[in-house]
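Peer 1: Sequence and predicted structure are below.
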Amino acid sequence: MPYTITSDCVGCGACAKKCPEHAISGERKQQHHIESLFCTECGTCFSSCPKGAIEDPNGIRPPAKGKKIKRIAQIEPNICAACKTCLLHCPQEAILYKRGGLLVGAACRVDPERCLGCGECKKLCIMNAITITDQGPRSGS
């Protein structure tokens, strides 16, 4: 499920300008729309909306105006099959492999310092072992 723009949208266009996939459309001063076919769930629109009018796929809305949240992937070790697909495709190299998961004796885990919460790992996980959660404000925001 992609990001959604709520009725709080004032049509400023900040999200559309920042979207690298050009997945957002709408008339100025009217509620915009995200085309789910093109949305890669990168989160750029979410963090660029000055009104906090965009919900992420987990139903999280941004905090007060001007603050960016720290989103992070979390891997459930008891579900992780240790296939390493997430590790191989993480653009930030934030996924680490460790022994000890209950399913196959090993599991992947997330380095919270490197993870940007982009959701690429979640999209690729065949076991649905990954969630993206809000961890509070990013440093420096």
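Peer 2: Arrived safely. Numbering: from 1, shown residues only.

Peer 1: For the helix or strand of the chain with the lowest mean pLDDT, which strands pair with it and how are they oriented?
Peer 2: Of all helical and strand segments in the chain, the minimum by mean pLDDT, DSSP states H and E falls on strand 130-137, at a mean of 76. Paired neighbours of strand 130-137 in the sheet (DSSP bridges): strand 69-75 (antiparallel).

Peer 1: tell me the secondary structure for the closest residue to Ile130 other than its chain neighbours?
Peer 2: Excluding its sequence neighbours, the residue lying closest to Ile130 (Cβ to Cβ, 6 or more residues apart in numbering) is Lys122, at 4.3 Å. In this view, the C-beta of every residue, glycine as well, is placed from N, C-alpha and C. Classification of Lys122 using DSSP: H, G, I helix; E, B strand; the rest coil returns helix.

Peer 1: Which parts of the least confident helix or strand of the chain count as buried, going by neighbours?
Peer 2: By 16 or more other Cβ atoms under 10 Å, the buried positions in strand 130-137 come out as 130, 132, 134.

Peer 1: Can you give the domain ranges for this structure?
Peer 2: Domain assignment for the chain, taken from automatic domain parsing, gives 1-67, 69-137.

Peer 1: my read: Cys118 touches Cys42, true?
Peer 2: Yes. Using Cβ atoms under 8 Å, Cys118 is in contact with Cys42, at 5.6 Å.

Peer 1: surely Thr133 meets Lys70?
Peer 2: No. Thr133 lies out of contact with Lys70 (Cβ under 8 Å); the separation is 9.6 Å.

Peer 1: what's the overlap in contacts for these two?
Peer 2: Taking Cβ atoms under 8 Å, 6 or more residues apart in numbering as the criterion, Thr133 and Lys70 both touch Gly117.

Peer 1: quick one: low-confidence parts of this protein?
Peer 2: The model of the chain has pLDDT under 70 over residues 1, 58-69, 99-105, 136-141.

Peer 1: Tell me where it has helices.
Peer 2: Along the chain, counting by DSSP state H, helices occupy 14-18, 44-48, 85-89, 120-124.

Peer 1: How many residues are close by the residue nearest to Ile130?
Peer 2: 20 (other Cβ atoms under 10 Å).
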